[in-house]
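K.L.:
I'll drop the sequence and a predicted model, then ask my questions.
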Amino acid sequence: MTGSSALMRTYFQNIVDLLTRIEAEEAAAIDAAAELVAEHAARDRLVYVYGPGGHSNLAAQEVFFRAGGLVNVSAILDEGTLLSGGALRSMAMERTPGYGRLVIEDNRVGAGDLLILVNAYGINAALIDAALTAKERGATVVGVSSRVHADSTAPDHPARHPSRRNLHDLVDLHIDTKVPVGDAVLEIEGAGERVGAISTFANAYALNCLMAAAIDRLTGAGADPDIWRSGNAPGGDAANALFLHRFRDRVRWL
């Protein structure tokens with residue numbers, strides 16, 4: 001039996017180590033992606049974020065309608081892979097070839113658009129179809145996923161797209177979250193499996209760094225970026241109301 005305090009310290013250190021690697025090794029990729037986001041926001045264009053996968057959807061939600069986040073972010077919250085529709089259903093849908101294509105087409109992502117695809121492991125069929133379809137339709141695609149996890153997954157894994165391709169091989173720009181194989185990082189004697197998943201921390205850190213860097217570029221260029229304020233903070237509703245007339249009809253899930 002391991003004490004809670006020791007487990008907390010070990011889990012904390014695993015998270016810190018992973019985020020430190022992202023900070024040290026992915027700054028250039030995050031800066032490049034931030035430039036793309038800033039360019040689109042400066043032209044008052046939407047930035048689409050899609051996380052096809054049960055818990056990867058959390059990443060898209062993390063930077064959507066978020067305090068301190070860009071108003072221009074439009075998350076694709078398609079019900080197919082959301083856990084709210086059922087966990088097993090979500091997994092089945094993310095493994096269904098062709099589903100990601102339907103989602104991209106339904107959301108009319110196309111020429112001149114910017115799409116950020118985020119997925120912990122970077123291999124599932126819906127994800128790969130989303131990337132392929134967005135590219136075919138002329139969008140610029142940024143991928144956020146773990147290279148080591150994708151490269152370590154067998155070509156015949158049932159989650160894979162029929163092409164057996166990885167997200168990081170398809171996108172215009174890739175941010176590597178370095179999530180270890182299996183996601184969970186804590187070993188507890190007698191548990192049989194590792195516990196304590198880490199991918200949500202990695203995705204949230206990478207995406208929030210990306211959005212903060214984009215806002216920094218906008219302000220550095222003399223722009224006044226549209227930024228959400230928490231509705232629970234003083235003046236939040238009034239501040240956010242200034243954006244609604246411009247975005248309510250453009251952002252599908254607003």
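P.N.:
Yes, it's here.
K.L.:
by contact count, what packs against whichever strand or helix holds residue 217?
P.N.:
Applying DSSP states H and E as the criterion places residue 217 in helix 199-220. Under the contact criterion of 3 or more C-beta pairs under 8 Å, 6 or more residues apart in numbering; DSSP states H and E, helix 199-220 touches helix 4-25, helix 27-42, helix 57-62, strand 114-118, strand 140-145. Where C-beta positions appear, they are placed from N, C-alpha and C, glycine not excepted.
K.L.:
Can you check which of these gets nearest to residue 192?
P.N.:
Closest of these to residue 192 is helix 4-25, at 16.2 Å (criterion: C-beta to C-beta).
K.L.:
pLDDT on that closest one, on average?
P.N.:
Mean pLDDT, helix 4-25: 96.
K.L.:
ok so, going back, when you compare where the helix holding residue 217 runs with where helix 27-42 runs, what's the angle?
P.N.:
Per axes from the mean of the first three to the mean of the last three C-alpha atoms, to 10 degrees, the angle that helix 199-220 makes with helix 27-42 is 60 degrees.
K.L.:
returning to what we had before: of all the helices and strands packed on helix 199-220, which lies closest to residue 89?
P.N.:
Proximity to residue 89 (C-beta to C-beta) singles out helix 57-62 among the helices and strands packed on helix 199-220, at 13.0 Å.
K.L.:
still on that earlier bit, can you give me the buried ones in the helix holding residue 217?
P.N.:
Counting neighbours by 16 or more other C-beta atoms under 10 Å, one finds that the buried residues in helix 199-220 are 199-211, 213-215, 217-218.
K.L.:
and if you look at stretch 183-194?
P.N.:
Applying 16+ other C-beta under 10 Å to stretch 183-194 flags 183-186 as buried.
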